[in-house]
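Enquirer: coordinates only, sequence not included:
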């Protein structure tokens, strides 16, 4: 009989979304629906959407776009069939004027006709490729959330948005890190190759065992920390820009899409930015 982790990985994206909608799944989604892309969420009023689109296009490493919705439309057809963005993530964060005011499991009651949804590629997607190459992913092995850190790497400002990169970290032996760079470099829609490896202080991280988001993982003898740009970066930009309302995913709690990771790896998926 397959173990629980295997059963979770083998469930298709529609089934995982249904479980999130039913609140059977309320926590992080790493390792779920293996082979399908996961996405970070940002929802903004339409009068803020154009600036945020420009910010994402100017910063494709931390903010690679997978889909953008039409104002007031929660279906996000570009990411999959039957999606309801108001309920299909395990957990959401609500910000008002840049301040986190709530963390909830459904946003249907606060949905507005002027909301525009942005879906940003997630590093959980390239983990499928790493695992297929025989490379271990520590937080999946431990059943925890990936560690994420604020850095001193500046984003390119656009309109009302600016800020610093957030990165996710996976410890690896140097030879595995080199292979991981090769693999993830072929997947730019889900952050691409790492932005740094080795000394965390070089990118402003004082203690690699105290992540700003997610869970700490051990770095074993002979391993180095490897850092990828992370889709939590927009939450830093939102805190600085202070829109009257914004909604994001809770860190680690992603939307599972119908976009195949293999299509991302082979360059078959292309995002065409809308006019906002």
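Expert: Thanks, I have it. Everything numeric here is computed off the predicted structure, so don't read it as measured data.
Enquirer: Could I get the contacting residues of the closest residue to residue 110 other than its chain neighbours?
Expert: Nearest residue to residue 110 in three dimensions, chain neighbours excluded: residue 94, at 7.0 Å (C-beta to C-beta, 6 or more residues apart in numbering). For glycine as for every other residue, the C-beta is placed from the backbone atoms N, C-alpha and C. Taking C-beta atoms under 8 Å, 6 or more residues apart in numbering, we find residue 94 in contact with 100-104, 107, 110, 245-247.
Enquirer: Can you name the residues bridging to residue 94?
Expert: As for beta bridges, residue 94 partners with residue 102, residue 247 under DSSP bridges.
Enquirer: mean confidence for stretch 134-149?
Expert: For stretch 134-149, mean pLDDT rounds to 92.
Enquirer: Let the chain start at 689 from now.
Expert: Sure, I'll start numbering at 689, so the last one becomes stretch 822-837.
Enquirer: how about it: buried residues?
Expert: If you call a residue buried by 16 or more other C-beta atoms under 10 Å, then stretch 822-837 has these buried ones: 823, 825-828, 832-837.
Enquirer: Spell out, range by range, the helices that occur in this structure.
Expert: Ranges of helices in the chain, per DSSP state H, are 692-698, 701-709, 734-746, 811-820, 826-830, 862-872, 921-929, 949-953.
Enquirer: which residues are in contact with the third one?
Expert: The reference is to helix 734-746. Looking at what lies outside helix 734-746 - C-beta under 8 Å, 6+ apart - the contacts are 730, 732, 751-753, 756, 759, 802-804, 806, 808, 843-850, 922, 925, 929, 931, 934, 961-962, 964.
Enquirer: picking that back up, and which of the buried residues of stretch 822-837 is nearest residue 911?
Expert: Of all these, residue 911 sits closest to residue 826, with 8.8 Å by C-beta to C-beta.
Enquirer: who's in contact with that closest one?
Expert: Residue 826 touches 858-859, 905-906, counting by C-beta under 8 Å, 6+ apart.
Enquirer: Try it again at 10 Å.
Expert: 832, 834-835, 857-860, 905-908, 911 (C-beta atoms under 10 Å, 6 or more residues apart in numbering).
Enquirer: Residue 780 now?
Expert: 729, 731, 773-774, 790-795, 798, 935-938, 941.
Enquirer: out of those residues, which one sits closest to residue 702?
Expert: For these, the nearest to residue 702 is residue 773 (14.5 Å; C-beta to C-beta).
Enquirer: Tell me how many other residues surround that closest one.
Expert: 25 (other C-beta atoms under 10 Å).
Enquirer: who touches it in this structure?
Expert: So residue 773 contacts 727, 729, 731, 755, 757, 761-764, 767, 780, 795-796, 799, 803, 805, 807, 935, 943 (C-beta under 10 Å, 6+ apart).
Enquirer: Can you tell me which of those end up in strands?
Expert: Members of these lying in strands (criterion: DSSP state E): 727, 729, 731, 755, 780, 803, 805, 807, 935, 943.
Enquirer: Name the nearest residue to the third one, sequence neighbours excluded.
Expert: Distances taken as C-beta to C-beta, 6+ apart put residue 935 closest to residue 731, at 4.0 Å, once the chain neighbours are dropped.
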